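Visitor: sharing a sequence plus its predicted fold:
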Amino acid sequence: LVHFNTQPKLSRHQARWLETMQEYNYDLIYKPGTTNRVADPLSRRQYELQSITVVNLPAVELEKYKKGYLNDKYLKDLYQFFLERERLKDEKSLEIPKELLPKAKHFHLRDSLLYFCVHGLNFSRLVVPNVQDIRNEILHDNHDSPVAVHPGYDRTYELIHRNYYWLNMAKDIREYVLGS
């Protein structure tokens, strides 16, 4: 963090934080972990974070995702299972059906949206159903928008992969970037 203000390249998230932090008068001072007794134990704990990504969708978009999950051949059964499990939260928890077990271990439901999480990693990504309008909007926002400045395949993939997940995402991104 000591060099945060002087980095030549910043990610979108870092740029946003830098903009917010510039409103304050502060100094970043390095303290080795051995001398910073307050922060050190906190940084060493193994937290089971559910998500770093927070997605707040407008009601119209939320409905698009819900309908998309229910019409997606790959996600439909999984989404219905998680909805039913959520509904029966106070009662006996539903056991995961054997046919869903391989998929279900990587997904969870939060605020009626599916999230994908690879075990061992401490973040999850919003699952995008197989709805071309939704995917095209995400692709456009991360490749064609004035802020994105047509970054090319690798950068576009990195930007989208941070927050979203869908089957064959890399192929879709490559086709979109090459077609632009």
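Guide: Right, received. Where do you want to start?

Visitor: which stretches in the protein count as strands?
Guide: For the chain, the strands defined by DSSP state E occupy 107-110, 113-116, 125-127, 164-165.

Visitor: now, of those strands, which is deepest in the fold?
Guide: strand 125-127 (a mean of 23; mean count of other C-beta atoms under 10 Å). Where C-beta positions appear, they are placed from N, C-alpha and C, glycine not excepted.

Visitor: what's it packed up against?
Guide: The helices and strands touching strand 125-127, judged by 3 or more C-beta pairs under 8 Å, 6 or more residues apart in numbering; DSSP states H and E, are strand 113-116, helix 153-163, strand 164-165.

Visitor: who touches the last one?
Guide: Residues lying outside strand 164-165 but in contact with it, judged by C-beta atoms under 8 Å, 6 or more residues apart in numbering, are 116, 125-128, 138.

Visitor: now do the longest one
Guide: Counting by C-beta under 8 Å, 6+ apart, helix 153-163 makes contact with 12, 53, 55, 125-126, 138-139, 142-143, 148, 151, 169-170, 173-174, 176-178, all of which sit outside it.

Visitor: tell me the buried residues in that helix?
Guide: Neighbour-count burial for helix 153-163 flags 156-157, 159-160, 163 (criterion: 16 or more other C-beta atoms under 10 Å).

Visitor: from the contacts of strand 164-165, which is closest to residue 69?
Guide: Closest approach between those and residue 69, by C-beta to C-beta: residue 127, at 7.7 Å.

Visitor: quick one, what contacts the closest one?
Guide: Contacts for residue 127 (C-beta under 8 Å, 6+ apart) come out as 69, 75, 107, 113-116, 164-166.

Visitor: that older thread, how about the strands of the chain, which one is nearest residue 3?
Guide: Here strand 125-127 is closest among these (C-beta to C-beta), at 28.4 Å.

Visitor: before we move on, the earlier item: mind putting the contacts of residue 127 into a markdown table with distance to residue 99 and pLDDT?
Guide: Below are the contacts of residue 127 laid out as a markdown table (distance: C-beta to C-beta, whole Å; pLDDT from 0 to 100):
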| residue | distance to residue 99 | pLDDT |
| --- | --- | --- |
| 69 | 17 | 96 |
| 75 | 14 | 94 |
| 107 | 14 | 89 |
| 113 | 23 | 93 |
| 114 | 17 | 93 |
| 115 | 21 | 92 |
| 116 | 18 | 91 |
| 164 | 25 | 94 |
| 165 | 21 | 94 |
| 166 | 21 | 95 |
